[in-house]
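Enquirer: Here is a sequence together with a model predicted from it:
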Amino acid sequence: MLSRKEVPIVAQSPETDWVSRFADEVIAEADRRAPGKPIVCASGLSPSGPIHLGNLREVMTPHLVADEIRRRGRECVHIISWDDYDRFRKVPNGVDPSWSEHIGKPLTSVPAPAGSEYGSWAEHFKAPMIAALAELGIEFHGISQTEQYTAGAYREQVLFAMRERAAIDAILDRYRTKDKPAAGKKQQQKPLDEAEVEAAAGSGAADEDDGAGGAGYYPYKPYCSVCDKDLTTVTSYDDETTELSYTCVCGHSETVKLSEHNRGKLVWKVDWPMRWAYEGVIFEPSGVDHSSPGSSFVVGGQIVREVFGGEQPIGPMYAFVGISGMAKMSSSAGGVPTPSDALEIMEAPLVRWLYARRRPNQSFKVAFDQEIQRTYDEWDALERKIADGTVQAADAAAYSRATRTAAGELPRTPHPLPYRTLASVVDITTGHDEQTLRILRDLDPANPVTSLDETRPRLDRAQAWITTHVPADQRTRVRTEPDRETLGSLPAADRAALDLLLAGLDDHWSLDGLTTLVYAVPKLQAGLDADAKPTPELKIAQRSFFALLYQLLVGRDTGPRLPTLLLAVGAERVRTLLGA
């Protein structure tokens, strides 16, 4: 554990970044609402499908704020409510269509996808998220809504909501304007686009039954005791006896005592504000799908105040998170990257940094394509600024939040080489450890890598990216034999350029040395000094020389950075392929 004096200075600088500013607001609000009690921050996740990187913002935003509060020495609990008692809405892409027979059941009652080691659909999708959160250093208190409802934890709240159903119905009716728009009034809220509606699906935010029905308004939805689905209609309820009658589309009818019945739940727009009051939530962000006038967040604010006597949490609307080269993510569409997918190709501090450096209302993309190399370059540049003291305060704060929590440092790579270099090396060596170590040792003779363990876990992440995200036709394949036809037809100037390169290999055998050499050859041929500033004509000559090297080494016009490629191929093989 960190002692107070070991906590980074960012914890005492409340104006440095968005996290500190929110922490100030949350502490002040908590002291007003519940002085002396632990501060409660909350997130909600529905394991209706893969929990993707957009959903991670629902967790990361309160985590960062809660962690800042803990850094200041205040007790803070971060709740994650697993909405695993939600209904199974649709069968995601890639799952046997026969799972449609389970639509309407609680997620914890639906079998896991074929081949899964888990006992239910909910557990199958919760497990990888829980593992990812642990790797990301996110400390939380998980609450299963299935366990809460079936154990009767909310019994008094359910009975109270049923008694107050007329008041709840009146609040909801203020927003039931779909079929009766006000005459002459323009719609103020920008409509959600199709991708945003998709992203809301499965979260409890979209297409949710609010409890209205022909037999009256009831905010409670029982799961049928025969088919276990929520395709039920409450037909009557007695406040005194708590007897509730319902019918199901399966043909079953039943009367139960709600004071004893544990197989059902409040409808979402009532369930959420009930939990705000029950848990005493001070801070909880919400997605942009909750920004419309009739959304569950807006309506919930009315219900928690007017019915449950509580207060709505403070917290920002957060923007969507995208993926380079992909549309906005939706768990309902299937195949969207999850935090576990990101952690296969990125170190945990980098993933944390992507969320910490952007305000919640700023959208951003996570790179799974070539842009991941640029992202890592930015990260490494930030570390250099940290080291030399030139970093801006907000960037230092984001870095601190990425690399440590109030509980301590996250694991780091001891000898972090550039990600693009590691990716190029493992691409060329196809992951052969001995060859990889040889190349990495030669990168910087003044500070050589002596063991691959020094470069892990970054090396493993780069290898996973090359293996899983670089198409086969973009992989680097070094020639096994010289291209004798091309070598035999080279103009004299090209042959002379190759000879200049070969003559300088031994004296320049390091990453920096080879970088200098490959750029210097066209300069020397033009009669210039090796350190001459490039002209437009010289840049053309350099590109032509580089293309020649790529063709002779890998049979393409482009490839990994030439200095890295030369190191990876090895001096003797370079000489052979270049016709020494």
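Expert: Perfect, I can see it now. Residues are numbered from 1 along each chain as shown.
Enquirer: Provide a list of residues in contact with residue 439.
Expert: Contacts for residue 439 (Cβ atoms under 8 Å, 6 or more residues apart in numbering) come out as 425, 428, 429, 564, 567, 568. (Each C-beta comes from the backbone N, C-alpha and C, glycine too.)
Enquirer: Which elements pack onto the helix or strand the second one falls within?
Expert: By that I understand residue 428. Assessed by DSSP states H and E, residue 428 sits inside helix 419-429. Helices and strands touching helix 419-429, by 3 or more Cβ pairs under 8 Å, 6 or more residues apart in numbering; DSSP states H and E, are helix 371-388, helix 433-443, helix 458-469, helix 562-569.
Enquirer: between it and helix 433-443, how big is the angle?
Expert: Using axes from the mean of the first three to the mean of the last three Cα atoms, to 10 degrees, the direction of helix 419-429 lies 140 degrees away from that of helix 433-443.
Enquirer: Show the average pLDDT along helix 419-429.
Expert: Helix 419-429 carries an average pLDDT of 94.
Enquirer: what separates it from the chain centre, distance-wise?
Expert: 25 Å (Cα atoms, centre = their mean, to the nearest Å).
Enquirer: which other residues reach that helix?
Expert: By Cβ under 8 Å, 6+ apart, helix 419-429 touches 372-373, 376-377, 380, 435-436, 439-440, 443, 455, 458-459, 461-463, 465-466, 470, 475-476, 478, 511, 560-561, 564-565, 567-569.
Enquirer: By neighbour count, sort out the buried ones in those.
Expert: Using 16 or more other Cβ atoms under 10 Å as the burial test, the contacts of helix 419-429 include 372-373, 376, 435-436, 439-440, 443, 455, 458-459, 461-463, 465-466, 476, 478, 511, 560-561, 564-565, 567-569 as buried.
Enquirer: Check what pLDDT the residue nearest to residue 566 when sequence neighbours are not counted gets.
Expert: For residue 566, ignoring the flanking residues on the chain, the nearest one in space by Cβ to Cβ, 6 or more residues apart in numbering is residue 514 at 5.3 Å. The model reports residue 514 with a pLDDT of 94.
Enquirer: got the angle for the helix or strand hosting residue 514 vs helix 433-443?
Expert: Assigned by DSSP H and E, residue 514 belongs to helix 511-525. Going by the same axes, to 10 degrees, helix 511-525 is angled at 60 degrees with respect to helix 433-443.
Enquirer: From the chain's centre, how far out is helix 511-525? Work that out for me.
Expert: With Cα atoms, centre = their mean, you get 41 Å for helix 511-525.
Enquirer: just for this structure, where's the confidence low?
Expert: 1-16, 177-208, 214, 325-335 (pLDDT under 70).
Enquirer: hmm, back to that, isn't the residue nearest to residue 566 right next to residue 567, touching?
Expert: Yes. Judged on Cβ atoms under 8 Å, residue 514 makes contact with residue 567 at a distance of 6.6 Å.
Enquirer: Let me see the ranges of the helices in the stretch 51-200 of the chain.
Expert: In the stretch 51-200 of the chain, the helices defined using DSSP state H, counting those that start in this stretch lie at 53-71, 121-135, 145-150, 155-163, 165-173, 194-200.
Enquirer: Serialize the helices and strands packed on helix 419-429 to JSON lines and add fields for distance to residue 162.
Expert: Conversion of the helices and strands packed on helix 419-429 to JSON lines gives the following (distance: least, Cβ to Cβ, whole Å):
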{"stretch": "helix 371-388", "distance to residue 162": "51"}
{"stretch": "helix 433-443", "distance to residue 162": "65"}
{"stretch": "helix 458-469", "distance to residue 162": "51"}
{"stretch": "helix 562-569", "distance to residue 162": "68"}
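Enquirer: So for residue 144, which of these sits nearest?
Expert: Between residue 144 and the helices and strands packed on helix 419-429, the tightest spacing by Cβ to Cβ is seen for helix 458-469, at 31.6 Å.
Enquirer: How far away from the center of its chain is that closest one?
Expert: 18 Å.
Enquirer: okay, the angle between it and helix 433-443?
Expert: Helix 458-469 and helix 433-443 are oriented at 120 degrees to each other (the same axes, to 10 degrees).
Enquirer: Just the residues contacting helix 458-469, thanks.
Expert: Taking contacts as Cβ under 8 Å, 6+ apart, the residues outside helix 458-469 that touch it are 344-347, 368-369, 372, 413, 416-417, 419, 422-423, 426-427, 431, 436, 452, 475.
Enquirer: Now with 7 Å, please.
Expert: 344-347, 368-369, 372, 413, 416, 419, 422-423, 426-427, 431, 452 (Cβ atoms under 7 Å, 6 or more residues apart in numbering).
Enquirer: what do you get for stretch 231-241?
Expert: 104, 162-163, 213, 215, 218, 220-222, 224, 244-250, 257.
Enquirer: Of those residues, just the buried ones, PyMOL syntax please.
Expert: Per 16+ other Cβ under 10 Å, the buried members of those correspond to this PyMOL selection:
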select buried, resi 104+162+218+220+221+222+224+244+245+246+247+248
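Enquirer: Cool, thanks, signing off.
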